[in-house]
Structure formats: C-alpha cells, structure tokens
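> generate a structure from the sequence data that follows.
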Amino acid sequence: MRSAFTAGTLLLMAILPCAAVSAASARGPAGRQVLRRSTPAILHQTAELSGGGAAGAGLGSSVAVDGKTIVVGAPAESSSLGAAYVFVDSGGTWIQQARLIAPDGAAGDSFGASVSIAGSTIVVGAPGHNASVGAAYVYARSGVSWKRTAELIGTATAANDTFGSSVSISGTTAAVGAPGHGGTGAAYMFHESGGKWSQSRVLSPATGKQFGYSVAISGPNFIAGSIGTSGTGGAYVFKQAGNAWNQVGKVLTPADGSYGNRFGEAVALSGTTAVVGSALHSYVFGGSTGTWTQQAELTASGASEFWGVSVGVSGSTIVIGSNLGYYPAYVFKKSNGTWSRSATLSGQDTLFNSKYGSSVGVSAGVVVVGDPGQNAGGGPGSGAAYAFTASGGSWTAGAELSSRSSSALVGDSVAISGSSALVGAPGANQYHGAALLFGGSQAWSEDASFTASDGAMADELGLLNIAVSGNVAVVGAPHRNTLTGTAYVFVKTHGVWAQQAELVGSDTAMFDQFGFAVAIAGDTIVVGAPDHGLGAAYVFTRSGTSWTQQKELSLPSASAFGNSVAMSGSSTILVGSGAGADVFTGSGGSWTHRASLAVPGGDAVSISGPTAVVGAGSGDSASVFALANGKWSRQVVLKPAGGSSADKFGASVGISGTRVVVGAPGRSNNAGAAYVFSRNGSRWSETDVLAATDRAANSGFGISVGISGSTAVVGAPEAASYTGAAYVFTIPASKATSGRPVPNRR
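Numbers count the residues shown, from 1 in each chain. Sure, this is the predicted structure:
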C-alpha cells in the first residue's frame with residue numbers, strides 16, 4: 001500500500017510546447033514494449049496558489065476575536081481576491097476551522113480587508129468588490145461549519161465608495177463603513193431578523209470626511225472614525241433609539257490633536273468605553289454619563305510613530321498596536337479609574353521590517369495581533385497572527401496562527417474532475433484532516449475546505465485517496481475509530497458545499513482501514529478496505545440524498561484487495577490488490593468479476609473507458625491494459641528513461657482518454673517526478689516529465705497524481721518540511737498527438 005504522505009499548497013504550472021526529442025524503447029517481458037525517452041523536458045512553474053499561506057497574502061491585515069474563536073483576514077491572497085480564516089481554541093491549541101471566501105469574488109476584491117465576529121456570526125468586508133463599490137458578507141456557524149447567510153450591499157453605493165472598508169457586529173446589528181461614499185463617507189446599519197439581514201439606516205454627517213474609515217458597535221452604542229474631519233480627524237458617537245441612530249454630543253477630537261493626525265484611524269468600543277487611535281497616540285473616551293469625554297491618552301516610551309493604527313477594548317482591557325514590526329503590542333488595564341500599561345506582547349519571530357501590530361483584537365482574556373508582513377511558510381508577506389492568553393496577571397503566547405500548517409500534509413492525495421481539483425491534507429487540524437477543493441475555470445483558487453462533522457484527532461481525513469465528480473466529493477478517513485475507517489460525502493447544493501453522508505461498511509471492524517481508497521462516478525461510490533480480511537471494496541449508490549451499500553466485493557485469492565480503486569462511468573470498477581487489479585462491471589445492482597490484470601502489487605490503479613493502468617509494486621513500471629472484443633490484455637509496459645526501483649515509478653497513476661500520468665516520488669533523491677505518456681493510434685510515447693520548479697530533495701513530488709482531459713495535478717506532500725504542495729499542469733491539445741512514437745531500443 002502507498003504509505004507516503006503529502007501536504008499543502010496548490011501550484012499552477014503550464015506544460016509548454018517543446019521540440020520533439022529523439023527516444024528509444026526496449027522490449028520488456030513477453031515482448032511487450034517498454035517505452036522510454038532519453039532526454040525528458042523539465043517544465044517550469046508559472047504561478048503559485050495556496051490553500052492559505054501564499055506569498056503576499058497579507059494574512060493578519062485584519063483580526064477579530066470573540067471568546068475561543070479568532071477570525072483573520074488575508075485580503076491580498078490570490079491576486080487580492082482575498083480570504084478570511086477562522087481559528088478555534090481546541091483544548092488549549094488554536095486550530096484552523098474554516099477558510100471563508102466570497103462566492104462571487106474576483107481579483108481585486110480584497111475580501112478580508114475587515115473582519116468582525118460576535119458569537120457564531122462573522123462579517124467580512126470586501127471594499128474592492130465590483131469596481132470598489134464594495135460588499136460585506138455574513139457567515140454563520142453550524143457545528144464546525146461556516147455558511148454564508150447574506151451579502152450586504154448599501155443602497156445608492158457607487159464605484160469607489162469602498163463599502164466594507166470597515167465592519168463591526170454586535171448581536172443582531174452590523175455596521176459597515178463606506179469612507180468613499182458621496183465625498184464625505186457613510187456608515188450603513190443592518191439588522192438581522194428571522195435569519196434575514198436588511199439595511200436599517202445610513203449615517204453620513206454633513207461635516208464628515210472619510211466618515212466610516214473605521215467603525216465599532218457595542219449594544220446600542222456606535223462609533224465611527226472620520227480621518228479627514230477638520231484636518232486632524234474625528235470620531236462620531238451614535239446611540240440607538242428604536243430604529244433610529246442619533247448622534248451623541250459633538251465630534252470627538254484629541255485634546256492635543258494637530259493637522260494630519262488621522263485621529264479615527266482605528267476605533268474600538270466596549271459598552272461605554274471607546275478607544276480611538278491616531279497616527280501617533282491612542283485615546284480613551286467614556287460615555288457612562290451620556291456625554292462622551294476624553295479620559296486618558298495612552299502612550300508608550302520609544303513608540304512615537306503609528307502607535308494607534310490598531311486598537312481593541314474588552315471591559316477593563318485595552319490593546320494598542322503599531323504597524324512597525326519592531327514595536328510590540330501594548331496591553332493596558334484600568335484600576336481605580338486609571339489606565340496603566342500592564343504588558344507588552346511581541347511575536348516570536350517578528351522582523352524589523354514586518355508589520356506586527358497592524359491589527360489587534362481582544363476578548364475575554366484573549367488578545368490576537370496581526371502581522372501581514374510576516375514571512376511565514378508561504379513566503380514573503382504571507383502573513384501571520386499571534387494569539388496570547390491571560391493567565392493570572394501575565395500573558396502567555398498561545399500560538400502563531402498561519403493559514404498554512406507546517407504539518408498539514410496537503411497533497412497526500414489528489415483528484416481532478418473537469419475544472420475542480422481536490423487535494424487532501426490529512427495532517428491539518430492536529431491530524432483531524434481536511435480536503436481542499438480548488439476551482440480552475442478562470443484562475444485556480446480555493447473554493448471550499450472539507451472537514452468531518454464528527455472528526456477527531458488522528459482520523460487523517462484526506463489520507464491516501466480522495467475523489468471528486470461534479471458537485472460531489474468523497475474523502476476517506478481510514479484511521480478513524482482505531483483504523484476501522486470512514487468515508488465522507490460532500491455535496492454542493494445552491495452554491496454551498498455541505499456534508500451529505502458518512503459511509504461505513506456493513507461489516508467493517510477495527511483495523512479494516514475502510515476509506516483507504518475511494519472513487520466516484522455519478523451516483524455510485526466505491527470504497528476500499530484492504531485490511532478487512534484479505535480486503536474488500538464496498539459499493540454505495542445514492543437515491544435522493546441517501547447513500548446505501550449495494551454490494552461488498554472481494555476475491556478469495558487476492559490479498560490487500562481494495563488498496564486502490566477506480567471507476568469508469570458508474571458501471572465499471574477497477575480494484576487494486578497485492579496481485580494486480582481486477583475489473584468488475586455492474587448492471588441492475590449486480591456486479592460481475594470480468595478480468596484479473598496481473599501486475600505484482602497493484603498499489604495504484606486508474607481506468608478510462610476501455611483502458612486501464614496499474615502501477616507495479618516493484619517501483620519501476622506501470623502497465624497499460626486495453627479492452628478489445630470483450631477481453632482485457634496488457635498493451636504496454638511504461639518505464640522512464642534511466643530509472644530504478646528507488647524512483648518508485650508507478651506509486652501513483654492516472655489516465656484520461658489517451659493520456660497517462662505516472663508518479664515517481666523517489667526520483668532524484670526523493671525530489672520526485674511525474675511522467676506523461678500519450679497514445680497515438682496503438683502506440684504510446686513519453687511526451688513530458690513533470691517536476692516542481694525548485695526540485696527540492698525529499699519533497700515526494702509524484703506521490704499522488706490525477707488527470708482530467710488536458711489538466712494534471714501532482715502532489716508533493718513532503719515539500720516545505722511536510723507542509724506539502726500540489727501542482728497543476730495544463731497539457732496543450734497538440735501535445736498529446738505530436739509525441740514522436742518511440743522506436744524499439746535493443
């Protein structure tokens with residue numbers, strides 16, 4: 001069985017046309033052709049996309065926290081399409097729970113430029129959406145899943161209003177800032193009732209300028225920053241009275257303000273305590289008497305610049321940040337009516353030129369500080385956020401939050417169907433596991449992240465084998481429940497992905513590893529359980545929204561039966577075992593064994609119509625079988641030029657029409673490679689060698705492969721210290737037919 005792991009990042013690569021290369025072939029066993037090419041072309045990476053952690057993503061540009069849930073914005077991710085990541089405290093460890101994206105997002109939207117959370121509701125701003133008209137999106141949590149429940153757009157908004165530059169939520173009320181609206185700026189108030197959000201008020205004082213640059217709401221109180229007011233900037237306080245919001249008192253300004261201070265750059269509100277940040281200092285205002293007055297000016301020695309770019313308040317705790325990485329974040333506590341500095345919080349690996357402190361949040365003894373300039377695992381500017389927890393009178397650094405886990409093993413399994421690529425990450429979330437779905441209809445970006453509703457540590461969802469077909473994905477968790485195993489079905493309905501079913505075999509038991517291999521076609525799923533006795537493969541069919549077991553396939557003479565599975569249509573199943581692979585066909589609920597394809601160690605199988613490919617356990621070849629006149633026979637043995645068993649050629653295989661991709665993760669000191677073979681008539685030619693641009697040793701590139709039409713995806717789970725990666729390649733149509741037939745090599 002395949003035992004290597006994969007992890008992490010989706011990379012986009014193009015297979016460029018290259019000159020025909022002379023090659024030769026040799027005769028293998030029984031006179032079958034062994035095809036090789038003498039000088040393979042190494043193709044070049046053109047872009048990197050990531051399920052988080054991409055260079056320049058700017059994770060940490062915005063942060064918010066409520067209790068044990070943190071949300072972190074990454075507005076520059078995926079060409080500024082943007083994303084927001086949700087982290088939860090699980091037994092003292094912060095783990096990523098979800099990645100939020102806009103369903104109608106596009107490059108330049110900057111989704112995640114602002115975030116806010118209250119209980120189980122998150123609001124995310126996308127000020128660049130629709131020519132910078134802007135938008136804000138509401139997400140609600142159900143169990144461990146987050147679903148979009150509303151898209152907020154202000155009335156009469158226009159281009160360059162940047163609606164969504166700031167957001168805040170308290171209870172069933174949300175505020176969204178649009179500092180570019182009408183030349184003065186505006187703040188839009190929304191109210192939720194019966195699960196529906198509707199606009200209740202537009203606030204736009206005549207004297208404001210860039211009003212709504214920052215917003216904060218707490219119960220019936222609302223404050224909005226207006227950095228252009230009177231040259232120094234100002235902040236406006238409103239109080240709710242029924243459906244109306246009335247301004248309270250005069251515009252708040254600092255006692256020592258001067259021109260260009262940008263007072264109101266950041267605001268925070270907790271009850272009747274407001275904190276307003278400026279380019280230099282931060283100020284505390286109190287409104288317990290109904291009149292809002294300045295109570296304190298918060299300063300720190302050595303921090304005279306941009307100290308107030310970010311502010312947060314919760315009860316008697318205030319946190320202030322600067323966007324200059326060499327300054328820490330400062331915590332102030334109120335005692336006997338006086339605010340005094342009680343702690344300084346620094347990131348573990350912040351740099352002089354990073355942006356630590358660009359965003360801060362505080363709630364119930366938890367502080368989170370964003371650093372969008374941090375060079376985390378994804379490269380320069382990928383960003384990070386840091387969580388701190390109050391313990392007694394001190395603060396403990398709890399975690400560095402990154403959207404890219406160093407042990408996620410992304411790419412351990414891959415599958416592709418049309419313009420959708422599914423990538424397994426069994427190490428994600430402390431080995432609960434996950435699967436990431438990327439869409440490539442225009443540009444490859446993450447569309448969804450799948451986790452099990454009842455997942456547990458060491459389940460390793462997404463380990464070894466996953467499958468996707470249209471709007472249905474199936475992901476195995478073979479280690480669940482002491483290796484009994486499970487397979488989960490996820491379905492996209494009305495644009496939203498959700499778990500539809502949890503599959504288990506009718507007679508599976510401990511150590512069976514049900515879910516070790518999965519395949520799907522239409523309304524039929526097959527799941528392998530190679531350690532169920534001599535092994536088994538279970539067939540499930542769907543009726544409506546219910547999946548039921550139809551058949552349990554097994555053979556008395558095949559050990560490890562079910563260690564790999566594949567389907568061609570909904571009526572042909574290919575099952576790998578220690579002896580090779582076996583073909584079954586189904587009709588009317590009955591499945592019949594049709595052929596045994598002898599290849600010692602069928603650890604990897606794939607099938608497309610009348611052609612099947614099986615990887616050999618010897619690690620030096622893959623065999624192609626063809627169906628003709630009702631019989632399956634070996635057509636060719638594929639081998640790479642100059643390979644050896646250490647290359648593990650055949651560890652993974654994929655076929656689509658006349659193209660075959662074979663993984664060789666052990667090639668070149670485990671840097672790995674994948675080989676493309678194309679058929680012209682009855683002859684197969686090696687047309688390309690796929691490899692990661694950096695070709696780093698011990699990446700395991702090729703441990704998993706998938707192909708659909710002209711698109712191939714290759715996993716490298718051990719890349720970047722087991723963070724992992726998956727690479728997407730596009731094969732031009734002419735490439736498949738122009739490969740020169742390889743003459744026999746003597």
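> how about the helices in the stretch 1-150 of the chain?
77-80, 129-132 (DSSP state H, counting those that start in this stretch).
> for the stretch 601-746 of the chain, what spans make up the strands?
604-608, 611-615, 622-628, 631-638, 652-656, 659-664, 673-680, 683-690, 704-708, 711-716, 725-730, 744-745 (DSSP state E, counting those that start in this stretch).
> quick check: nearest residue in space to Ser170, chain neighbours excluded?
Ranked by CB to CB, 6 or more residues apart in numbering and with sequence neighbours excluded, the top spatial neighbour of Ser170 is Ile217, at 4.5 Å. Where you see a C-beta, it was placed from the backbone N, CA and C, and this is true even at glycine.
> check which helix or strand the one you found maps to.
strand 211-218 (DSSP states H and E).
> contacts only, for Thr611.
The contact partners of Thr611, taken as CB atoms under 8 Å, 6 or more residues apart in numbering, are 624-627, 635, 655.
> try it again with 7 Å
By CB atoms under 7 Å, 6 or more residues apart in numbering, the contact set of Thr611 is 624, 626, 655.
> before we move on, back to that, so which of the strands of the stretch 601-746 of the chain is nearest Ser258?
For the strands of the stretch 601-746 of the chain, proximity to Ser258 was assessed by CB to CB; strand 725-730 is nearest, at 50.6 Å.
> sec struct for Ser258, please.
Under DSSP: H, G, I helix; E, B strand; the rest coil, the three-state class of Ser258 is coil.
> burial of the residue lying closest to it once chain neighbours are set aside, as a residue count?
Nearest non-adjacent residue to Ser258, counting by CB to CB, 6+ apart: Thr232, 6.3 Å away. A count of neighbours around Thr232, defined by other CB atoms under 10 Å, yields 19.
> and the gap between Thr232 and Ser110?
Using CB to CB, to the nearest Å, we find Thr232 at a distance of 27 Å from Ser110.
> check contacts around Ala671.
Contacts of Ala671 (CB under 7 Å, 6+ apart): 695-697, 699, 701.
> which pair in those residues spans the largest distance?
Ala697 and Phe701 (10.5 Å).
> need the next SSE after the one helix or strand Ala566 maps to, C-terminal direction.
Taking DSSP H and E as the criterion, Ala566 maps to strand 564-568. The helix or strand immediately downstream of strand 564-568 is strand 572-577, counting by DSSP H and E.
> list the buried residues for that next one?
Neighbour-count burial for strand 572-577, counted by 16 or more other CB atoms under 10 Å, picks out 572-577.
> what sits up against the next helix or strand along the chain from it?
Once the chain leaves strand 572-577, the next helix or strand it forms, by DSSP H and E, is strand 580-587. The contact list for strand 580-587, computed with CB under 7 Å, 6+ apart, reads 553, 555, 558, 571-575, 591-600, 602, 605, 612, 614, 632.
> just the buried ones from those residues?
Buried subset of the contacts of strand 580-587 (neighbour count, 16+ other CB under 10 Å): 553, 555, 558, 572-575, 591, 595-597, 599, 602, 605, 612, 614, 632.
> partner residues bridging the residue nearest to Ser170?
Judged by DSSP bridges, the bridge partners of Ile217 are Phe222.
> that one and Gly134, how far apart?
Remark: distance between Ile217 and Gly134 (CB to CB) = 18 Å.
> next, the distance between the ends of stretch 548-558.
One end of stretch 548-558 sits 26 Å from the other (CA to CA, to the nearest Å).
> so Ala387 touches Thr93, yeah?
No - using CB atoms under 7 Å, Ala387 is not in contact with Thr93; the gap is 10.2 Å.
> show me which of those two is the more surrounded one.
Legend: neighbour count by other CB under 10 Å for Ala387 and Thr93, higher for Ala387 (23 against 12).
> in which helix or strand does the more buried one reside?
strand 384-391.
> which stretches of the stretch 301-450 of the chain form helices?
Using DSSP H, counting those that start in this stretch, the helices found in the stretch 301-450 of the chain span residues 428-431.
> what stretches of it score poorly on pLDDT?
Along the stretch 301-450 of the chain, the parts satisfying pLDDT under 70 run over 301-306, 325-326, 348-353, 375-380, 397-399, 402-407, 440-446.
> let's go with 90 and repeat that
Where the stretch 301-450 of the chain drops to pLDDT under 90, the residues are 301-309, 321-330, 335-337, 341-357, 364-365, 370-411, 414, 417-425, 427-450.
> and the strands in it?
Here the stretch 301-450 of the chain has its strands, by DSSP E, counting those that start in this stretch, at 307-314, 317-322, 329-335, 338-345, 359-363, 366-371, 384-391, 394-401, 414-417, 420-425, 434-439, 445-450.
> okay if I get these as CSV plus distance to Arg99?
Converted to CSV, the strands of the stretch 301-450 of the chain look like this (distance: least, CB to CB, whole Å):
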stretch, distance to Arg99
strand 307-314, 23
strand 317-322, 24
strand 329-335, 25
strand 338-345, 26
strand 359-363, 18
strand 366-371, 16
strand 384-391, 14
strand 394-401, 13
strand 414-417, 18
strand 420-425, 11
strand 434-439, 8
strand 445-450, 5
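> Trp684 is nearest to which of those?
strand 414-417 (21.2 Å).
> got the CA positions of the closest one in PDB?
Only the C-alpha atoms of strand 414-417 are listed here, as PDB (Å, rounded to 0.1, in the frame of the first residue of the first chain):
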ATOM      1  CA  VAL A 414      -5.200  14.500  -5.200                       C
ATOM      2  CA  ALA A 415      -8.100  14.100  -7.600                       C
ATOM      3  CA  ILE A 416      -9.300  16.200 -10.500                       C
ATOM      4  CA  SER A 417     -12.600  16.400 -12.400                       C
END
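> which other helices and strands contact it?
For strand 414-417, the packing partners by 3 or more CB pairs under 7 Å, 6 or more residues apart in numbering; DSSP states H and E come out as strand 420-425, strand 466-469, strand 704-708, strand 711-716.
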